[in-house]
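# dropping a prediction and its sequence here:
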Amino acid sequence: MADETIDDLMNATYRALCKHGYAALTMQDIAAESSKSKGTLHYHFDGKGDLLESFLASLLDRFEERTERVPGETPADRLHALFDELLTPADEEAAEEFRTAVLEIKAQSPYNEAYREQLQEFDRALHDRIADLVDAGIEAGEFRATVDPDETAEFLVTVFHGGQTRAAAVDRSLDRTKVSVHEYIDQVLRSDAETGRGAATDADSADTADDGQRGADE
């Protein structure tokens, strides 16, 4: 299948999922969003399940492309940028519809091995990307030496999925999740040395203020 055809069908699947959701989605709905015919879809895919399996695989490819070169001069900067990328949709309305559709697909994964395997691949890719950045941050002295990259990645992947689910299910803004993640990076992962420097600076300032006050009293 030509790359142009793949891109067209995957983009059409995205638009159709946003409009119709998973349960009501049909091959005709996808064809209606594509420049290809319904017959072309059936030529390349056995049915909706086969097409959506390929769609999930394409999402993983796009995720890896989007996050491979996140901006930032340091590992901490890049970890912040990664979650900005993950939690800041360009089109909030479309993103909300898509989150709902993906939540429906996730609900099918216990009964659909192909969906489950694709979702597991995404989970592993996200985990590994985060763990690599945390490990690099420890090596650079930005993050505490006692931080475990794998455990941290597990936690942040869970936060990401939980934020996505709550956004779809109870309309909780992803901005709140993003703020919490940024605070976690800065307040929990940051190295003892950096915290110590900040504390020492604050203590020195307090001592200076106290000396000034004593001088004024005298």
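Received the coordinates, thanks.
# please make it C-alpha for all contacts and neighbour counts, starting now.
Fine.
# so the residue most central in space within the chain, which of the three states?
Nearest to the mean C-alpha position of the chain, counting by C-alpha atoms, centre = their mean, stands residue 86 at 3.6 Å. Classification of residue 86 by DSSP: H, G, I helix; E, B strand; the rest coil places it in helix.
# if I look at it, how far off is residue 50?
Distance check for residue 86 against residue 50: by C-alpha to C-alpha, to the nearest Å, it reads 26 Å.
# now do the strands in the protein.
With DSSP state E as the criterion, the chain has no strands.
# could you list the domains of it?
1-54, 69-201 (automatic domain parsing).
# put together CSV for these, with mean pLDDT and distance to residue 63 on each row.
Converted to CSV, those look like this (pLDDT from 0 to 100; distance: least, C-alpha to C-alpha, whole Å):
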stretch, mean pLDDT, distance to residue 63
domain 1-54, 89, 14
domain 69-201, 89, 8
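# out of those domains, nearest to residue 60?
domain 69-201 (5.7 Å; C-alpha to C-alpha).
# can you pull the contacts of residue 41?
By C-alpha atoms under 8 Å, 6 or more residues apart in numbering, residue 41 lies in contact with 9, 27, 31.
# among the residues you listed, which are in helices?
Here DSSP state H is the test, and the contacts of residue 41 give 9, 27, 31 as lying in helices.
# out of those, which end up buried?
Among these, those classed as buried by 16 or more other C-alpha atoms under 10 Å are 9, 27, 31.
# nearest to residue 46 among those?
Of all these, residue 27 has the smallest distance to residue 46: 10.3 Å, by C-alpha to C-alpha.
# without its sequence neighbours, what residue ends up closest to residue 38?
residue 31 (5.1 Å; C-alpha to C-alpha, 6 or more residues apart in numbering).
# touching, that neighbour and residue 37? I think so.
Yes. Between residue 31 and residue 37 a contact is recorded at 5.6 Å, counting by C-alpha atoms under 8 Å.
# what comes up buried for stretch 177-191?
177-178, 181-182, 185, 189-191.
# adding distance to residue 19, write those residues out as a markdown table.
Below are the buried residues of stretch 177-191 laid out as a markdown table (distance: C-alpha to C-alpha, whole Å):
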| residue | distance to residue 19 |
| --- | --- |
| 177 | 26 |
| 178 | 26 |
| 181 | 30 |
| 182 | 32 |
| 185 | 36 |
| 189 | 40 |
| 190 | 42 |
| 191 | 46 |
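# ok, the residues you listed vs residue 156, which is closest?
Nearest member of the buried residues of stretch 177-191 to residue 156, counting by C-alpha to C-alpha, is residue 181, at 7.7 Å.
# residues contacting the closest one?
By C-alpha under 8 Å, 6+ apart, residue 181 lies in contact with 83, 156.
# residue 26 touches residue 47, doesn't it?
No. With contact defined as C-alpha under 8 Å, residue 26 does not count as touching residue 47 (9.0 Å).
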